[in-house]
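Novice: only the shape, not the letters, is given here:
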Ligand SMILES: CC(=O)N[C@H]1[C@@H](OP(=O)(O)OP(=O)(O)OC[C@H]2O[C@@H](n3ccc(=O)[nH]c3=O)[C@H](O)[C@@H]2O)O[C@H](CO)[C@@H](O)[C@@H]1O[C@H](C)C(=O)N[C@@H](C)C(=O)N[C@H](CCC(=O)O)C(=O)O
Ligand SMILES: Nc1ncnc2c1ncn2[C@@H]1O[C@H](COP(=O)(O)OP(=O)(O)OP(=O)(O)O)[C@@H](O)[C@H]1O
Ligand SMILES: N[C@H](CCC[C@H](N)C(=O)O)C(=O)O
Ligand SMILES: [Mg+2]
């Protein structure tokens, strides 16, 4: 990355040695230190701490949310609640950079390099924001893309299993995730998932549905959205949300607890704005009501379990695949979860990337031995068409894995493809 940057007569700042010239200062980071060591002569440099103080970023209250699933949903909920409480938050994550309810940067990575994050903090601080809500991926923790950041709050959604292609084992994945909670920063932990992480108890508070917790669900209903009575120490309050699913009750509790810890406001006041957050595009997004077609971003077996279980009172037809160049171990588990909950199963391509699509299907089908009504085709559009054509009156069609992605990545090329558009086109052809 190379930025305009005026300091001591220099004009630019970069974290990449290949972009250096006489007008450019080098930002030394944990990720680029071995490239820096090879440089001769040594360029003018800045450390991350020096850049943070030069830009005055220590005034921003940074909130980091990590976990296998729920990061985008929880960060978006915190951002929404703070906006509705007249605070000035910014949001960075899988879906891009947002401030003042506008998208400032297109989606990039869930957690980009530290220079990109600091630049995004600078941009949004200059727009008047004082909270920076960000998703923290396990890759980012492992590669220290969050070096130098002081977190006003660290949030744990859940730690199940993903990215074993990168981390190797679940134990290593959980060790990396736990690093984020090792210091004395204020933290909000999911008590019902606490067994999957280790953490420093200093600064720790919790939210829970079944387990005793600082922010505790007393009673809840998942009929017609989510209604819940919650308790925070002696205070009690009730909220309603249009979102669906037990997993979203956890996400909302994480967001309510976070906003209370950040602002000191009462949970009664916070619960009043919960119903205005309708969720994130591509997460349990209703594309058509009749026939009922829902698109969701579930791309791990636990994510699929949460979504399918939340719809188990209906007959389910499901279309899904698994990303290429990603964790292979989850694929048969995803097949098995689909087999457990769905009447009709269509296994197809997600983002095959550099893998042979048919081989990914084989991995998934290993979890579907002996199941009836299983169709497999690498052609995602055809799979959606077949599922729609076979959908019966009382059934719901769940299309999983891509959510709001508007592309299908094959051998390095991102072809335009949006599950929601495909459904709308196919339904229009019928009409
Ligand atoms: C596998 C992986 O995570 N790779 C990330 C990693 O790349 P890398 O280790 O190869 O690093 P590098 O390219 O050598 O660059 C490291 C540093 O050295 C500098 N450099 C590099 C070359 C050079 O000649 N001189 C030099 O100074 C670079 O500018 C950079 O600052 O560090 C780079 C800089 O931060 C990331 O852009 C890159 O993400 C790649 C693009 C990627 O696709 N990552 C995915 C797997 C990822 O991180 N996904 C997560 C989670 C997704 C999710 O679950 O939502 C995410 O946070 O998005
Ligand atoms: N708390 C949760 N527990 C389990 N599954 C969840 C939870 N919240 C959401 N999900 C499922 O996981 C999917 C991804 O949710 P979300 O995008 O919020 O997660 P994420 O952590 O940002 O994912 P990624 O790491 O890929 O960016 C959702 O579409 C839903 O199917
Ligand atoms: N549809 C995507 C979802 C994963 C996105 C993100 N979690 C990542 O791993 O890049 C895939 O499986 O290819
Ligand atoms: Mg995300």
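Specialist: Okay, I see it. Nothing here was measured: the structure is a model prediction, and the numbers come from that model. Numbering: from 1, shown residues only. Ligands and ions are numbered 1, 2, ... in the order given.
Novice: what's the local residue count around whatever residue of the stretch 251-400 of the chain ends up closest to ligand 3?
Specialist: Residue nearest to ligand 3 within the stretch 251-400 of the chain: residue 323 (2.4 Å; Cβ to the nearest ligand atom). In this view, the C-beta of every residue, glycine as well, is placed from N, C-alpha and C. By other Cβ atoms under 10 Å, the residues close to residue 323 number 20.
Novice: I figured it was touching residue 354, is that so?
Specialist: No. Assessed by Cβ atoms under 8 Å, residue 323 is found out of contact with residue 354, at 11.0 Å.
Novice: quick one: residues contacting the residue of the stretch 251-400 of the chain closest to ligand 3.
Specialist: Contacts for residue 323 (Cβ atoms under 8 Å, 6 or more residues apart in numbering) come out as 299, 350, 351, 352, 353, 401.
Novice: ok, the closest residue to the fifth one other than its chain neighbours to residue 405 distance?
Specialist: Read it as residue 353. The shortest distance from residue 353 to any non-neighbouring residue, by Cβ to Cβ, 6 or more residues apart in numbering, is to residue 324 (3.6 Å). Remark: distance between residue 324 and residue 405 (Cβ to Cβ, to the nearest Å) = 14 Å.
Novice: what do the two both touch?
Specialist: Joint contacts of residue 324 and residue 405 (Cβ under 8 Å, 6+ apart) are residue 351.
Novice: count of neighbours near residue 43?
Specialist: Counted with other Cβ under 10 Å, residues neighbouring residue 43 total 16.
Novice: phi, psi of it?
Specialist: When read as degrees, to the nearest 10, the backbone of residue 43 gives phi -80, psi 170.
Novice: now it. Nearest residue, chain neighbours left out?
Specialist: Excluding its sequence neighbours, the residue lying closest to residue 43 (Cβ to Cβ, 6+ apart) is residue 26, at 4.5 Å.
Novice: what of residue 256?
Specialist: Per Cβ to Cβ, 6+ apart, closest to residue 256 is residue 270, 5.3 Å.
Novice: so residue 17 touches residue 26, yeah?
Specialist: Yes. The pair residue 17 and residue 26 qualifies as a contact (Cβ under 8 Å) at a distance of 7.0 Å.
Novice: which of these two has more neighbours?
Specialist: Using other Cβ under 10 Å, the more surrounded residue of residue 17 and residue 26 is residue 26, with 22 against 13.
Novice: please identify the helix or strand for the more buried one.
Specialist: Remark: residue 26 resides in strand 24-28, with elements defined by DSSP states H and E.
Novice: helix, strand or coil for the residue nearest to residue 353?
Specialist: coil (DSSP: H, G, I helix; E, B strand; the rest coil).
Novice: can you pull the contacts of it?
Specialist: Residues in contact with residue 324 (Cβ under 8 Å, 6+ apart) are 350, 351, 352, 353, 354, 355, 357, 360, 409.
Novice: what residues are up against the residue nearest to residue 43?
Specialist: Counting by Cβ under 8 Å, 6+ apart, the residues that residue 26 touches are 13, 14, 15, 17, 20, 36, 39, 43, 44, 45, 46.
Novice: from residue 324, how far off is it?
Specialist: 35 Å.
Novice: could I get the contacting residues of the residue lying closest to residue 47 once chain neighbours are set aside?
Specialist: Nearest non-adjacent residue to residue 47, counting by Cβ to Cβ, 6+ apart: residue 28, 5.7 Å away. Taking Cβ under 8 Å, 6+ apart, we find residue 28 in contact with 36, 45, 46, 47, 48.
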